[in-house]
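Asker: Got a sequence here, can you model it:
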Amino acid sequence: MKNMFMFFIIVFLTLVSLNAKEFKVAIFDFDVRDRNQPSVAKHIEKKLKNTNLKFSKIQHFSGRDSEITSLRVLTKLDTMNFDLIITITSDSMVPATHALKNTPWLFTNINNPRFFGIRDALNPGSHKSGVTYYVPVDKQINFFNEVLNKKLKKIGVIFDYFAKSRRAELVEFREASLKLHIKYEIVLIKEPEELKEAAQELLNMGVEAIIITSSGKLYNNIDKILEITNAKKIPIFSVNKKGVANGALSAIASDYYKMVEENLIPMAIEVLRNGANPGHMPVQYLKKPFIYLNLSQAKKLDLEISEEVKERASKKY
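Answerer: Prediction:
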């Protein structure tokens, strides 16, 4: 009886201690963000503060668009006794992997984890895990084919030569195209000014759709090729929702803010409150990616989108 009483006392004191502890969290973003604009970093802080955990410090850091600066900042953070470091964007992954040796850390807004050496997404190891926005390429192409009423026979894919994910994505697009029995042509560009020529080259090869891959250089400059693709009634698809707002017909992608709410914050709670090692936590992703559909663009292309696809769309333009 005495032993049972002591057990409950120990459990009670442990719970009180956990509830009383104030945690230190660092949020690191590779990019420099406008202070007046909403950001994923601010959203993470807000959602952390909405939990029942207490924080002595939630501090923001930036790599200032520099790999060298990122490495220096992250190396310093690893010595500052933070309970958790959260990194944002794929560009943060490489320096974080090299710099963070002791502190538990979680990543978000990254592309395919395999690009960054994570071979086992169920058990990533090295005190790290997190959330990916990656949607498998075969799933993307299959959906684009649905948008085109299953008539897609040949695609053209444009890559940014300087994009870090290019080498892995090239392989995946080839594998997915072969798997789905869809022919493909691939073109690489270095500067936005090359987009028009690249698109024309693909049209000359007889592609029925063009896919813009992972690079702001591409999906922020779709306007440079819309004139020639619209004239030929050829749709542009994007792997990022920004492309759809800029004139692509559709994208299937994750929502960064939803990923924070559904995946990242529960993982952070598990690490902080329960002392879980992120390295033993599976990499997560949104179970239901968002569908973005540009109906104005479909009208320009004289394309009839099925009601079933329209109903599944998360956002229509």
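Asker: what residue is smack in the middle of this protein?
Answerer: Centroid-nearest residue in the chain, with Cα atoms, centre = their mean: Y133, separated by 3.0 Å.
Asker: What's the separation between it and I88?
Answerer: From Y133 across to I88, the span is 11 Å (Cβ to Cβ, to the nearest Å). For every residue, glycine as well, the C-beta is placed using N, CA and C.
Asker: Need the residues touching each of these two.
Answerer: Common neighbours of Y133 and I88, using Cβ atoms under 8 Å, 6 or more residues apart in numbering, are N109.
Asker: hmm, back to that, next one: the residue nearest to the centre of the chain from L264, what distance?
Answerer: Taking Cβ to Cβ, one finds Y133 at 11 Å from L264.
Asker: what's the domain layout of this protein?
Answerer: Here the domain parsing of the chain from automatic domain parsing is 2-133+255-280, 137-253+290-316.
Asker: Skip the chain neighbours and tell me the closest residue to the residue nearest to the centre of the chain.
Answerer: Using Cβ to Cβ, 6 or more residues apart in numbering and skipping residues adjacent in sequence, the residue nearest Y133 is S254, 3.8 Å away.
Asker: ok, the one you found touching Q284?
Answerer: No - S254 is beyond contact range of Q284, at 10.6 Å (criterion: Cβ atoms under 8 Å).
Asker: which of those two has more neighbours?
Answerer: Set S254 next to Q284 and count neighbours by other Cβ atoms under 10 Å: S254 wins out with 22 against 19.
Asker: contacting residues around the more buried one?
Answerer: Counting by Cβ under 8 Å, 6+ apart, S254 touches 132-135, 285-286, 289-290.
Asker: Which pLDDT does the model give it?
Answerer: Listed pLDDT for S254 reads 89.
Asker: now it: how far from N263?
Answerer: For S254, the distance to N263 - Cβ to Cβ - is 9 Å.
Asker: now R72
Answerer: Taken as Cβ to Cβ, the span from R72 to N263 is 29 Å.
Asker: For these two, indicate the residue with more neighbours.
Answerer: N263 (21 against 14).
Asker: hang on, isn't that one packed against V131?
Answerer: Yes - with contact defined as Cβ under 8 Å, N263 reaches V131; the gap is 4.4 Å.
Asker: Which neighbours do these two have in common?
Answerer: Counting by Cβ under 8 Å, 6+ apart, the contacts common to N263 and V131 are 108, 284-285.
Asker: quick one on the thing from earlier: and the domains of the chain, which one's lowest on average pLDDT?
Answerer: domain 2-133+255-280 (a mean of 90).
Asker: chain center to that one: distance?
Answerer: Centroid displacement of domain 2-133+255-280 relative to its chain, using Cα atoms, centre = their mean, to the nearest Å, is 16 Å.
Asker: Offset the numbering so it begins at 46, please.
Answerer: Got it, first residue is 46 now, which makes that one domain 47-178+300-325.
Asker: could you list every residue that touches A144?
Answerer: 115-116, 119-120, 122-123.
Asker: Skipping its backbone neighbours, what lies nearest it in space?
Answerer: Of all residues not flanking A144 in the chain, L119 sits nearest, at 3.7 Å (Cβ to Cβ, 6+ apart).
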